[in-house]
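[1] Just to be clear, the model below is a prediction. Sequence and coordinates:
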Amino acid sequence: MRKEISFLVIAAIIALGIIIVYYWGGQPTGFFVFDEYENQTACEDAGYVWENLTAQNCTAIVDCTLCVVGCKTNCTECIDVVIGECVENITLSENYCEDANYTWWETTEQNCTDIVNCTLCVVGCKTNCTSCETIIISGRCTGDVCDSDNLNLCVETNCTEAGGHWYDGSCQESVPSLTCVPSWNCSTWTPEICPSSETQTKTCKDLENCGVEKRVENRTCTYTQAPMPSLNADNIENLKLNPGASSEIAWNVINSGKVFLSSCSFEASGDYAEWISFAGDGITDIGIGNTANFNFSVNVPEEIEEGEYALSVIVRCSQVYVSKQFVLQVETKKLEFDLIAADRTRLDKVRIIYSLGELTGEAQDVALKFLLIGAGAEEVAFIEENRSLKANATKEFTANMPINESLEGELELVINYNSEIYSSSVREPIVLGAPIGGAAIFEDIGTGEIAIIVIVLVSLVLALFVVKKIRSSGKTLKTLFQRKKEV
């Protein structure tokens, strides 16, 4: 019986030797992290352009009932306002009062109350009052007034009432006999919208062609600055793709102004615009505060050389446009990564099965980092590994990522892999639910490990079968070897 046990021990040692040979090899070294330029200095040192994003915010002053120069909502000092006073209760303009050798009396009254919302504005109307101003707003005159006996004291507005006829800038008893009477035809006030100069004009033309020059009239108006259109867009991260590869880009633009934007369309510009394709609806409108999606794809030609290529995209509306630039780095693939499976094997663990293929004909040491990204773009779990690949070899591996037992739902698995000569990444959506079925003891075993276990089990079964045959024949290993010597 001892000989049979010895035979079993020898078989077990052989199986163990097979496992040791399978796993024998050096440890990989090197881990190169792909840089991202996240500050202005690093970006400019790398030869790129740093762009500052701005937003425009326009406000308006409201409730200004009388604005000439500006607008003030609170007055804290006094304004002397000349209202005019006369010895006799008669009305005469200041100019004609003085021409008639009468005295124009000016009196003032003081308004010292708090003025809100510009209820009293003569020269200026602003948000803060810093001084008082004396403004003559009316007056009276002592002496003769505009009447039928004093037509020379009349103005255009009261000439007719006094029995006169306004002609050639003065009030006269009768209109001189003319062979040609002008017939004035005036244009509308221009510009139609009050300009920043706050002056509108109109021109009057004599339809009778009496030889009188054209008459130009002016009037003051209140200027209101029109709201400015504004369009902002997401920044686009730089890309790294292999020749013949493509990538989908989700790009959003937002109407951040106070103007409805119409006829907005997507454009690609630059020397490599044909690499960019857009499958949207073409032309769209963007309401105030609304966001529009202009998702596009980047397609790298098969025969393109390695290097960096500058790409640019534009959204152009009738009122405004926005553009963004990004850099595409084209790099020949030197490693092949294939995600085979990612399953939850226990409440606190996710098993990731993947393969690596070496494509350059030279051995590579590869550093891998696996990350789980939550719905809020936060990192919820990660694991790092180092693997070695022989030249032109393809090998399957397993990684077990520890996770929080409460973690579940839709997540994103990100795999960054780097060697001394190549860097790339893979992003795959996954859904975490209850652990998958099966014995937990096999959760860390990949295809290669399973093959080794099968070989060991077959070896042990074969050894047991041989031992059983020897015992049933009543022979021992010593007897068998003695018979071979005799032969």
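    Looks like it came in fine. Remember, predicted model here, so these are calculated numbers, not experimental data.
[2] hang on, Ala381 in a strand?
    Yes. Judged by DSSP: H, G, I helix; E, B strand; the rest coil, Ala381 forms part of a strand.
[3] these two touch, right, it and Leu372?
    Yes. Ala381 is within contact range of Leu372, at 4.3 Å (criterion: C-beta atoms under 8 Å). From N, CA and C alone the C-beta is placed, and that goes for glycine too.
[4] what touches both of the two?
    Val350, Met401, Ile403, Leu407 (C-beta atoms under 8 Å, 6 or more residues apart in numbering).
[5] between those residues, which is nearest Gln319?
    Proximity of the shared contacts of Ala381 and Leu372 to Gln319 (C-beta to C-beta) peaks at Leu407, which lies at 46.8 Å.
[6] Just give the number of residues close to the closest one.
    The number of residues packed near Leu407 is 16, by other C-beta atoms under 10 Å.
[7] Just confirm Tyr309 is within a helix.
    No. Counting by three-state DSSP, Tyr309 is not part of a helix but strand.
[8] Once you drop chain neighbours, what's closest to it?
    The spatial neighbour of Tyr309 that comes closest, neighbours along the chain excluded (C-beta to C-beta, 6 or more residues apart in numbering), is Leu328 at 4.7 Å.
[9] before we move on, which element is the one you found in?
    Element membership of Leu328, judged by DSSP states H and E, is strand 321-330.
[10] Give the buried residues for that strand.
    Tyr321, Val322, Lys324, Gln325, Phe326, Val327, Leu328, Val330 (16 or more other C-beta atoms under 10 Å).
[11] Endpoint to endpoint, stretch 145-155 covers what distance?
    Length of stretch 145-155, first residue to last, C-alpha to C-alpha, to the nearest Å: 11 Å.
[12] Now do the buried residues in that stretch.
    Val145, Cys146, Asn150, Leu151, Leu153, Cys154.
[13] now stretch 306-315
    For stretch 306-315, a neighbour-count test (16+ other C-beta under 10 Å) marks Tyr309, Leu311, Ser312, Val313, Val315 as buried.
[14] Just list the residues touching the first one, thanks.
    Tyr309 is in contact with Tyr272, Trp275, Val327, Leu328, Gln329, Val330, counting by C-beta under 8 Å, 6+ apart.
[15] how about 10 Å then?
    239, 241, 270-272, 275, 298, 300, 326-330 (C-beta atoms under 10 Å, 6 or more residues apart in numbering).
[16] Could you do the last one as well?
    Taking C-beta under 10 Å, 6+ apart, we find Val315 in contact with 231, 233, 251-253, 261, 264-267, 284, 286, 292, 294, 321-324.
[17] Can you tell me the SS state at it?
    strand.
[18] Run through the bridge partners of the closest residue to it other than its chain neighbours.
    Spatial nearest neighbour of Val315, excluding adjacent residues (C-beta to C-beta, 6+ apart): Val253 at 5.0 Å. Assessed by DSSP bridges, Val253 has beta-bridge partners Ala233, Ala292.
[19] residues in contact with Val253?
    With contacts defined as C-beta under 10 Å, 6+ apart, Val253 is in contact with 231-234, 261, 264, 266, 286, 290-294, 315, 317, 321-322, 324.
[20] One more: Asn255?
    Contacts of Asn255 by C-beta under 10 Å, 6+ apart are 229-232, 261, 264, 285-292, 317, 319-320.
[21] Next: Gly282.
    Cys264, Ser265, Phe266.
[22] State the distance from the residue nearest to Phe296 when sequence neighbours are not counted to Asn232.
    Counting by C-beta to C-beta, 6+ apart, Phe296 lies nearest to Phe278, which is 4.6 Å off, once chain neighbours are set aside. Here the criterion is C-beta to C-beta, to the nearest Å. By it, Phe278 lies 19 Å from Asn232.
[23] swap in Glu358?
    Counting by C-beta to C-beta - Glu358 and Asn232 are separated by 45 Å.
[24] Those two: who's more crowded?
    The neighbour count for Glu358 versus Asn232, taken as other C-beta under 10 Å, is higher for Glu358 (22 against 16).
[25] list the contacts for that one?
    334-336, 364, 366, 388-395, 419, 422 are the contacts of Glu358 under C-beta under 10 Å, 6+ apart.
[26] repeat that for 8 Å
    Leu335, Glu336, Gln364, Leu389, Lys390, Ala391, Asn392, Ala393, Thr394.
[27] Mind jotting down where the strands sit in the stretch 151-300 of the chain?
    For the stretch 151-300 of the chain, strands defined by DSSP state E, counting those that start in this stretch occupy the ranges 165-167, 170-172, 184-186, 199-206, 215-220, 231-233, 239-241, 246-249, 252-255, 261-269, 276-278, 283-286, 291-293, 296-299.
[28] closest one to Asp343 among the ones you listed?
    strand 246-249 (26.0 Å).
[29] Partner strands of that closest one and their direction?
    strand 296-299 (antiparallel).
[30] in the strand it pairs with, what counts as buried?
    Result for strand 296-299 [16+ other C-beta under 10 Å]: buried residues Phe296, Val298.
[31] Then stretch 397-407?
    For stretch 397-407, the neighbour count (16+ other C-beta under 10 Å) marks Phe397, Thr398, Ala399, Asn400, Met401, Ile403, Leu407 as buried.
[32] can you list contacts of it?
    In contact with stretch 397-407 (C-beta under 8 Å, 6+ apart) are residues 344-345, 347-356, 368, 370, 372, 380-383, 385, 387, 432, 443-446, 449.
[33] Could you rerun that using 10 Å?
    In contact with stretch 397-407 (C-beta under 10 Å, 6+ apart) are residues 340-342, 344-356, 366, 368, 370-372, 374, 380-385, 387, 411, 413, 415, 432, 443-449.
[34] from what I can see Leu335 touches Ile421, true?
    Yes. If you go by C-beta atoms under 10 Å, Leu335 and Ile421 touch, sitting 8.8 Å apart.
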